[in-house]
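Asks: only the shape, not the letters, is given here:
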């Protein structure tokens, strides 16, 4: 059978990324509710929910090395299988004597699997994407990753309400297993650039030296730092505080409460981010520049946060979140595409693992900072401060633009 065409393979990789994200989203809205019903403390529930991200912080560098050595097919397939084991642990936790420990173990296991999935699918698409279409193909996979989680939130909530929490967990398990099987059929074998990795190992270049060479590239350091700041702002501060802001200011939508209204408002952001990501990928593929969108996108994110801090109605809050979504989508795809251009092909896995590490670091730091700042300063000044902090990207991004020229 002939190998699938690259565009078709790119869409298939996006589908795998989406299914993997859905599996993670299914469990997220269920664990807090059943955790309280089972008598698990609030602190333990918070630790369980954040355990996967904490695990990824430690495991992402391992993922990068595995991808550079073996390619993406088997690491992604194994990652999805590990995710399936993680969700099975949640099912066992429903009937176990120590449900909190089972749930915590499941999230730790899931963290390892999701590291292999998130970094591996991006590495897989970069391995097959020619430079002329790298922006669009990367955008499809990144958008699929972003949309998988909220889709899982909806699916998990519906299944838990109509059937049971265990049915939702088993559904997530089945989705991960199906995606793992699809991976083995869809992802190409270890691509030719991996031969460079083998040659360097034969020449005596150690793993430590390869890491040092990668971390010394200034362009990549700027990309990683900008990504960490973006995730700190959007996936950290904003995601953790939007429901509180809605409740304090009465920004209710369609008669829903704070949580439901916040969910709908965040859906505006996620939709705008997905659309902007796909559009940015198309723009990059039609342009000779990878950096032309960076400053406008960064400015939109900053403007959106300032606007959200001033929002007094649900309509103005939705408009601010729309702007943030467009800006964040327009910023993420150029950064990822530029990373693919700059990082050596045999080190794409490591470069993307640091990119994911910066995402997890920013996303983990943001909630605590956002809630504390909101408590002491109020959310208006806090969001304005985040907007100003986003403007701190301007100088390093200008360096990237000047270097490209």
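Replies: On my side now, so go ahead. Being a predicted model, the structure only gives us computed values, none of them experimental.
Asks: how would you label residue 97: helix, strand or coil?
Replies: Under the three-state scheme (DSSP: H, G, I helix; E, B strand; the rest coil), residue 97 adopts coil.
Asks: okay, now the unreliable bits of the stretch 101-250 of the chain?
Replies: 190-205 (pLDDT under 70).
Asks: burial of residue 353, as a residue count?
Replies: Other residues near residue 353 come to 29 when the count uses other Cβ atoms under 10 Å. Where you see a C-beta, it was placed from the backbone N, CA and C, and this is true even at glycine.
Asks: excluding chain neighbours, what is closest to it?
Replies: Excluding the flanking residues, the one nearest residue 353 by Cβ to Cβ, 6 or more residues apart in numbering is residue 64, at 2.9 Å.
Asks: hmm, that neighbour is touching residue 355, no?
Replies: No. Using Cβ atoms under 8 Å, residue 64 makes no contact with residue 355, being 9.4 Å away.
Asks: what is in contact with those two at once?
Replies: Counting by Cβ atoms under 8 Å, 6 or more residues apart in numbering, the contacts common to residue 64 and residue 355 are residue 119.
Asks: for the one helix or strand residue 122 maps to, packing partners?
Replies: Per DSSP states H and E, residue 122 falls inside helix 99-128. In terms of contacts (3 or more Cβ pairs under 8 Å, 6 or more residues apart in numbering; DSSP states H and E), helix 99-128 is packed against helix 6-27, helix 30-37, helix 42-70, helix 73-93, helix 134-162, helix 348-377.
Asks: which ones are touching residue 147?
Replies: Per Cβ under 8 Å, 6+ apart, neighbours of residue 147: 18, 21, 270, 274.
Asks: which residue sits closest to the first one, ignoring its sequence neighbours?
Replies: In other words, residue 18. That would be residue 144: by Cβ to Cβ, 6+ apart, it lies 4.0 Å from residue 18.
Asks: next: the third one.
Replies: Sequence neighbours aside, residue 150 is the residue nearest to residue 270 in space, at 5.6 Å (criterion: Cβ to Cβ, 6+ apart).
Asks: ok, the one you found to residue 127 distance?
Replies: Using Cβ to Cβ, to the nearest Å, we find residue 150 at a distance of 28 Å from residue 127.
Asks: of these two, which one has the most company?
Replies: residue 127 (23 against 19).
Asks: now that that one has come up, it's in contact with residue 72, right?
Replies: Yes. In terms of Cβ under 8 Å, residue 127 counts as a neighbour of residue 72; the distance is 6.5 Å.
Asks: ok, then the element right after the helix or strand hosting residue 278?
Replies: Residue 278 belongs to helix 258-286 when assigned by DSSP H and E. Next helix or strand after helix 258-286 toward the C-terminus (DSSP H and E): helix 294-310.
Asks: and that next one, what other elements does it pack with?
Replies: Packed against helix 294-310 by the contact rule (3+ Cβ pairs under 8 Å, 6+ apart) you find helix 314-342, helix 379-391, helix 394-404.
Asks: which of the ones you listed has the lowest average pLDDT?
Replies: If you rank those by mean pLDDT, helix 379-391 sits at the bottom with a mean of 89.
Asks: picking that back up, wait, doesn't the residue nearest to residue 270 sit right on residue 267?
Replies: Yes. Counting by Cβ under 8 Å, residue 150 touches residue 267, with 7.1 Å between them.
Asks: please name the residues that touch residue 225.
Replies: Counting by Cβ under 8 Å, 6+ apart, residue 225 touches 358, 396.
Asks: so where does it fall, helix or strand?
Replies: helix 218-231.
Asks: buried residues in the next helix or strand after that helix?
Replies: The helix or strand immediately downstream of helix 218-231 is helix 239-249, counting by DSSP H and E. Applying a neighbour-count criterion of 16 or more other Cβ atoms under 10 Å, one finds 239, 240, 241, 242, 243, 244, 245, 246 buried in helix 239-249.
Asks: could those go into TSV alongside distance to residue 120?
Replies: TSV is the format used below for the buried residues of helix 239-249 (distance: Cβ to Cβ, whole Å):
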residue	distance to residue 120
239	24
240	28
241	32
242	30
243	32
244	35
245	36
246	36
